[in-house]
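Take a look and give me a structure for this.
(2 chains)
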Amino acid sequence: MLHLCGKPHFRYSCLMFLVWVFQLVGLNSGFGLDSGLNQSLTYIWPLPCEHTSGNETLTVNPALSLSIIGHGGSFRILREGFRRYKRIIFKFSSGISVSRNSRRIRSLYDISALRIIVKSGSDELKLGVDESYTLFVDKTEGKSIVWETIIEASTIYGALRGLETFSQLCAFDYTTKSVQISRAPWYIKDKPRFAYRGLLLDTSRHHFPVDAIKSIIESMSYAKLILMHFLSRYLHIQNCGMVLTQNGSAIPSRMRVELSGIHVMAEVDVPGHAESWGAGYPDLWPNATCREPLDVTKNFTFDLISGILSEIREIFPFELFHLGGDEVNTDLWASFVLTDCWNKTRHVKQWLDKNKMKPKDAYRYFVLKAQEIAISKNWTPVNWEETFNAFAKNLNPRTVVHNWLGPGVCPKAVAKGFKCIFSNQNVWYLDHLDVSWDEVYYAEPLEGIGNASKQELVIGGEVCMWGETVDTSNVQQTIWPRAAAAAERLWSTEEALSADNNSVLQRLQYFRCLLNRRGVQAAPVTNYYARNPPSGSGSCYWQ
Amino acid sequence: MLLFSLKPHCKLIFLVLLLWVSLLVDSNSGVELDESLTYIWPLPSEFTSGNQTLTVDPALSLFVLGKGGYSNILKEGFERYKKIIFKHASGISLFQKLRGIRSVYDISELRIIVNSDSEELQLGVDESYALFVAKNDGKSIVGEATIEANTVYGALRGLETFSQMCAFDYETKSVQIYKAPWYIKDNPRFAFRGLMLDTSRHYFPIDVIKQIIESMSYAKLNVLHWHIIDEESFPLEVPSYPKLWNGAYTKWERYTVEDASEIVSFAKMRGIHVMAEVDVPGHAESWGAGYPDVWPSSSCREPLDVSKNFTFELISGILSDIRKIFPFELFHLGGDEVHTDCWTSTPHIKQWLNDHNMTAKDAYQYFVLKAQEIAVSKDWTPVNWEETFNSFPSKLNPRTVVHNWLGPGVCPKAVAKGFKCIFSNQGAWYLDHLDVPWNQVYSAEPLEGINNVSEQNLVIGGEVCMWGETADASNVQQTIWPRAAAAAERLWSKREAVSVRNITSTILPRYHYFRCLLNRRGVQAAPATNFYARQPPTGAGSCYEQ
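Below is the predicted model:
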């Protein structure tokens, strides 16, 4: 805490602040407007790396202006981001801002300008793009009485993160009917702990309209998640050879996603989970009655994969590409459905025998061949952990291993030099409704990895929203607020993450209400089962 | 059905259509729509359709005629619907515009004729419209779509219908209108088609209320009954009595006067009335957070103290303040579930009752009638929950609108006594009753038991009620939708059209379709056929069959 009250010109402000506090306390009788909100906590989610705050309350001008200082490059993304956040910040006051502005003098507000300094002119959105920023909400030196707010960042994406933090500092005050920043001056220096902070959205079990996907992406940016893992296993393949996802234009356009500073990683899951491909091209099925996995013997199968990847390479510029490869239990392969179809279909069986392969070998052959195709398109392949568990030493060394079955896989993967993504289903599968917010929060991606150089191979983690029981009606409330618990784990430093369950809960409840205010259907935090309705009437801040 | 296929130039289209249909059948492995049904919700009162498929220009322009054509409400409405209609095509429209000639589209202009320039939004405002969509077979090669209405609000309903005809075709990547030419003549069956929202049990942020209002317009609902205050919290700012909103849950869960005005004007832009409710004398404990004097005593807090002048001064002050916000002529005074124990157990009130020679029941009547007088003096027509009618029908102000909720059979009694009535039978139209499946909502008939036409006219409509104990910002939309749509069709469409025998084959596919339409427009409407409302889908599958 910075105590600036010693300086003479601050004394008056401090006095006013005290008066204001007393008024607030005086107003509270019985029904309790303050709801026991602990004022010593910092209500920014996820918690910044370093921050100091003071005791001032500043007002923010609804006509807040933006000035950008930087080296060349396009600042369109930044300007649109500013407009977006301005709408969020001044949602409430819009009704009165105009009349007030005309009546009052501009300088009556403490903060009327936001300055953003961006060092790099590049707007390339790569994995590990520099998202760091510093945010000052402080008084300018010297003559001016206008407060100034500065965001400094290396890239526009860092600046976007800074804008999100700034927007969370701003709160509408119902007494003065203005937007205020309390506990100023603020000094925040922030950067993410992990580069990869993902959310998987499964658009195959249920179709999500474009609007629903856009609002999920928008809400991800509130929690500083950076990657949407977009899964559409059921491909709709048109006669002309064009490939679309089932819903055609449902792939979020590249433009939109860059605007929020969020990567989109596509997944085409092979060779399993691909039965629907045969609706357009039945040749891909081993036979008409046994339809999965894709026929390993035919060149056409790999031609098609190559064709799909070529088509969608242009849509998904992100360097990682997910090739699936999951749910193949190699120990039980003989009895497992996946390899069963290969064994039972005569021409596949003959091919296996001729090539002296067991189904298990053919599975490896298939995955590696798909990896080659992805690499030839200049993609880094990501595969679910089964591929690593089954044939780690054959995998392309650039492979990113995507953990899901349980704990302890990332330690093994990084020990062998692979990069790893943490998604342990016991804690980070959002469709597991019986995992409470704190179990999500306290899951640690680096658990069991002591060596610092190995730790660096864990690029991050991902919460997975599998779609069997979510559709447009309930997906947001299944994602939120638990995804936010993981988001803080992935963004904030381990030291900053409080072990005090109660203070984390208060901050998370506050963030859940923030999501609600922004129109995101985040569910009550403390219900035992996720996405359950509130148990009775009450405030958002304690449910 | 209008068959235009005899004309020579239509034959080609027919052929192409057939080809297209056979392609469609080929590639469709899943759900198929029954093409004989009309996928417009609620069903228009009269319509004919044909067999053509028309394409709609993403640069669709608006051409207005008539005295009311230059209304801002109309212009903004058109822009809103254009965004809805061309959601998908946005990525390619520019490209197509560069490449193609404008006239490759069948419909490039929407003509809207509005006869009246009045934008007054009263109960019973003329919402009728006629909509005509056809490929122009005359001299011009540009086709036409025309909406004609007496008021801008009728034109908005026509725009909604037009938007429901438009569907994005994934094969051609363009917006198409099927079964053209269309001729629709439509008007609502009831003037009052409401949804009640309870912002006391849970606070709904402004954005959420706006989303709800926007979604109401999709189903042509036209009254938001805002149950602002209840015993749990008092979220609204009342400038004359600034301590009232101390009864809010927290300092953030409140509505300023500006917020409330913005909601009213947002609703007006969509042709939706906002009917405010200040429920007295019960359900008002939260008032005492700011003004404990209105509690009978600090330990017995409801109903409001009938013995004090201050109580009625406060009501009058509240009503004066919010009269400026809510221009709608109806105002809801509650009056439900009044348990008078606190009156008889608090000495000074008991004394007052004795002095005035009143029983507790008399005092309840006294309170309600006094509140009615205050509302009437502010030029409001009072609406009261049915308990007031059930207890003292002969004393109620004759202008009172009786709001049914306890069960069936109340509206018949109310209209027999000459009162207007709103139907909200809780067995069918309380949305917080999760165990009422869609078909029961759909089949509830506001005019049941009323045969006399002049009495039928006194039923101004009905309302579905979204009580807020277990609905908050996270799940309110999926509790409202899609069941509110079932009531919406009952309230809009002709009785013959909605009273069909086999609703599973005739109505359900349309109901599914409308639910998916809501989803596409970003409304979290829940699966249609789960037994309990707002349950998650039972497994993977299409929106059109869940």
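
all contacts plus neighbour counts: C-alpha atoms, from now on.
Will do.

where do the helices sit along the stretch 301-450 of chain B?
For the stretch 301-450 of chain B, the helices identified by DSSP state H, counting those that start in this stretch occupy B:309-323, B:341-345, B:347-355, B:360-377, B:386-391, B:410-416, B:426-429, B:438-443, in order along the chain.

Put together a markdown table for the ones you listed, with mean neighbour count and distance to A:Tyr529 on each row.
As requested, the helices of the stretch 301-450 of chain B are exported to a markdown table (neighbours: other CA atoms under 10 Å in any protein chain shown; distance: least, CA to CA, whole Å):
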| stretch | mean neighbour count | distance to A:Tyr529 |
| --- | --- | --- |
| helix B:309-323 | 17 | 41 |
| helix B:341-345 | 18 | 39 |
| helix B:347-355 | 15 | 47 |
| helix B:360-377 | 18 | 43 |
| helix B:386-391 | 19 | 38 |
| helix B:410-416 | 22 | 40 |
| helix B:426-429 | 22 | 28 |
| helix B:438-443 | 20 | 26 |
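
Take the ones you listed and lay them out in JSON lines including mean pLDDT.
As requested, the helices of the stretch 301-450 of chain B are exported to JSON lines (pLDDT from 0 to 100):
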{"stretch": "helix B:309-323", "mean pLDDT": "98"}
{"stretch": "helix B:341-345", "mean pLDDT": "96"}
{"stretch": "helix B:347-355", "mean pLDDT": "97"}
{"stretch": "helix B:360-377", "mean pLDDT": "98"}
{"stretch": "helix B:386-391", "mean pLDDT": "98"}
{"stretch": "helix B:410-416", "mean pLDDT": "98"}
{"stretch": "helix B:426-429", "mean pLDDT": "97"}
{"stretch": "helix B:438-443", "mean pLDDT": "96"}
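
Of those helices, which is nearest B:Glu109?
Proximity to B:Glu109, assessed across the helices of the stretch 301-450 of chain B by CA to CA, is greatest for helix B:438-443 (36.1 Å).

same for that closest one, what does it pack against?
In terms of contact count using 3 or more CA pairs under 8 Å, 6 or more residues apart in numbering or on different chains; DSSP states H and E, helix B:438-443 is assigned the packing partners helix B:426-429, helix B:483-492.

Now the closest residue to chain B within the stretch 351-500 of chain A: closest residue in space that isn't a chain neighbour?
Closest residue of the stretch 351-500 of chain A to chain B, CA to the nearest CA: A:Ser473 (3.8 Å). Taking CA to CA, 6 or more residues apart in numbering or on different chains, and ignoring the residues beside it in sequence, A:Ser473 has B:Gln524 as its nearest neighbour in space, at 3.8 Å.

Kindly state the pLDDT recorded for that neighbour?
According to the predicted model, the pLDDT of B:Gln524 comes to 97.

Now the top strand by length along chain B - C-alpha only, CSV.
Secondary structure assigned by DSSP state E gives strand B:52-65 as the longest strand of chain B. Extracted C-alpha coordinates of strand B:52-65, given in CSV (Å, rounded to 0.1, in the frame of the first residue of the first chain):
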residue,chain,number,x,y,z
GLN,B,52,-40.4,-20.4,-54.9
THR,B,53,-37.1,-19.8,-53.3
LEU,B,54,-35.9,-16.2,-53.4
THR,B,55,-32.5,-14.8,-52.5
VAL,B,56,-32.1,-11.7,-50.4
ASP,B,57,-29.5,-9.1,-51.0
PRO,B,58,-27.2,-8.6,-48.0
ALA,B,59,-27.2,-4.9,-48.9
LEU,B,60,-31.0,-4.9,-48.5
SER,B,61,-32.2,-1.3,-48.5
LEU,B,62,-35.2,0.3,-46.8
PHE,B,63,-37.7,2.3,-48.6
VAL,B,64,-40.3,4.0,-46.5
LEU,B,65,-43.6,5.5,-47.3
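
what lines up beside that strand in the sheet?
Strands flanking strand B:52-65 in the sheet, each with its direction: strand B:107-114 (parallel), strand B:174-180 (antiparallel) (DSSP bridges).

In CSV, list those along with distance to B:Tyr544.
As requested, these are arranged in CSV below (distance: least, CA to CA, whole Å):
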stretch, distance to B:Tyr544
strand B:107-114, 28
strand B:174-180, 18
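
Just send the ones you listed back as TSV, with mean neighbour count too.
Compiled in TSV, these are given as follows (neighbours: other CA atoms under 10 Å in any protein chain shown):
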stretch	mean neighbour count
strand B:107-114	23
strand B:174-180	22
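
For A:Pro481, which of those strands is the nearest?
Of all the strands paired with strand B:52-65, the one in closest proximity to A:Pro481, counting by CA to CA, is strand B:174-180 (36.7 Å).

what mean pLDDT would you report for that closest one?
For strand B:174-180, mean pLDDT rounds to 94.

who touches stretch B:343-350?
Here stretch B:343-350 makes contact (CA atoms under 8 Å, 6 or more residues apart in numbering or on different chains) with B:Pro296, B:Ser297, B:Cys300, B:Pro303, B:Asp305, B:Val306, B:Ser307, B:Ala360.

In ChimeraX, select just the buried ones from these.
Here is the ChimeraX command that selects only those of those that count as buried (16 or more other CA atoms under 10 Å in any protein chain shown):
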select /B:296,297,303,305,306,307,360
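
May I ask which two of the contacts of stretch B:343-350 are separated the most?
Distances among these were taken as CA to CA; the most separated pair is B:Ser297 and B:Ala360, at 16.3 Å.

quick one, what contacts the spatially most central residue of chain B?
With distances taken as CA atoms, centre = their mean, B:Leu221 lies nearest the centre of chain B, 2.7 Å away. Under the criterion of CA under 8 Å, 6+ apart, the contact list for B:Leu221 reads B:Arg193, B:Gly194, B:Leu195, B:Ile272, B:Ala488.

That one: what secondary structure?
Classification of B:Leu221 using DSSP: H, G, I helix; E, B strand; the rest coil returns coil.

That one and A:Ala184: what is the separation?
46 Å (CA to CA, to the nearest Å).

for A:Pro397, same thing?
The gap separating A:Pro397 from A:Ala184 is 49 Å, by CA to CA.

what do you get for B:Val125?
Taking CA to CA as the measure, B:Val125 and A:Ala184 are separated by 52 Å.

do the same with B:Ala540
Between B:Ala540 and A:Ala184 the distance, using CA to CA, works out to 50 Å.

How about A:Glu267?
Using CA to CA, one gets 44 Å for the distance from A:Glu267 to A:Ala184.

Could you do B:Ile212 as well?
When distances are taken as CA to CA, B:Ile212 and A:Ala184 turn out to be 36 Å apart.

Which residues of the stretch 251-400 of chain B lie near chain A?
For the stretch 251-400 of chain B, the residues found near chain A under the criterion CA under 8 Å from any CA of the partner chain are B:Lys251, B:Trp252, B:Glu253, B:Arg254, B:Thr256, B:Glu258, B:Asp259, B:Glu262, B:Ser286, B:Ala289, B:Gly290.

quick one: which of those is most hemmed in?
Of all those, B:Ser286 has the most neighbours under the rule other CA atoms under 10 Å in any protein chain shown, reaching 29 neighbours.

Take the helices and strands packed on helix B:438-443 and write them to JSON lines, including distance to A:Pro317.
Supplementary listing: these in JSON lines, determined by distance: least, CA to CA, whole Å:
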{"stretch": "helix B:426-429", "distance to A:Pro317": "50"}
{"stretch": "helix B:483-492", "distance to A:Pro317": "42"}
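
Distance to chain A added to those helices, as CSV?
Formatted as CSV, the entries for the helices and strands packed on helix B:438-443 read as follows, by distance: least, CA to the nearest CA, whole Å:
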stretch, distance to chain A
helix B:426-429, 19
helix B:483-492, 13
